[in-house]
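[1] 3D, please:
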Amino acid sequence: MRNRAMMGLLGGMALVLIAGSPGAASAASDGAAALAERQAVMWSMQVHFNAIKDAIGAGNNKAVEDHASAINGFAKVLVNFFPKGSGPEAGKSRALPKIWEEWDEFTKRPEALAVESEKLMQIAKSGGDAKAMGDQFGALGKNACGTCHQNYRAPR
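    Next up, the predicted model:
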């Protein structure tokens with residue numbers, strides 16, 4: 001698991017750097033390419049979430065901080081991975097058309113991800129215990145990921 005988590009961390013950092021470049025994700029030549037990029041980002045975020053859970057259980061605050069930092073970086077560029085034409089019409093995707101229909105509302109959602117991941121980073125950095133980190137990890141899932149997924153992602 002450690003190697004997988006490290007790959008996710010390194011891959012996530014690379015994607016954040018690339019995504020931070022002007023027009024990076026939106027420069028995809030077609031919706032299918034943009035969809036593939038988004039799915040890679042979401043997979044990487046899932047790796048970071050799993051690594052946080054493992055790190056909390058192991059009492060590894062530094063790993064919690066590092067993985068929460070990667071998620072925080074994704075939060076700042078996430079909407080770039082949802083260009084028009086990259087929804088279900090581009091391929092197999094759980095992204096609902098509602099994303100583009102409610103674009104102004106949707107683009108506000110990553111702010112909760114940034115806020116909740118920042119809180120987790122700070123708890124870990126300050127030497128917080130497993131309970132405090134676990135509680136904030138739960139808040140991150142519920143108040144950030146969960147609210148967006150409930151509104152803008154189709155069930156499996």
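[2] Now do the buried residues in the longest helix seen in the chain.
    Counting by DSSP state H, the longest helix found in the chain is helix 31-58. With burial defined by 16 or more other Cβ atoms under 10 Å, the residues of helix 31-58 counted as buried are 31, 33-35, 37-39, 41-42, 44-45, 47-49, 51-56. In this view, the C-beta of every residue, glycine as well, is placed from N, C-alpha and C.
[3] try stretch 134-153
    134, 136-137, 139-141, 143-145, 148, 152-153.
[4] and those residues, which two are the farthest apart?
    Put simply, by Cβ to Cβ the two of the buried residues of stretch 134-153 set farthest apart are Gly134 and Tyr152, 26.3 Å from each other.
[5] got any ranges where the protein has weak pLDDT?
    Applying pLDDT under 70 to the chain picks out residues 1-29.
[6] ranges for the helices of this protein?
    Going by DSSP H, the chain shows helices at 2-19, 31-58, 61-75, 98-101, 103-106, 109-125, 130-140, 147-152.
[7] Minimum distance to Pro88: which of those has it?
    Judging those by Cβ to Cβ, what sits closest to Pro88 is helix 31-58, at 9.1 Å.
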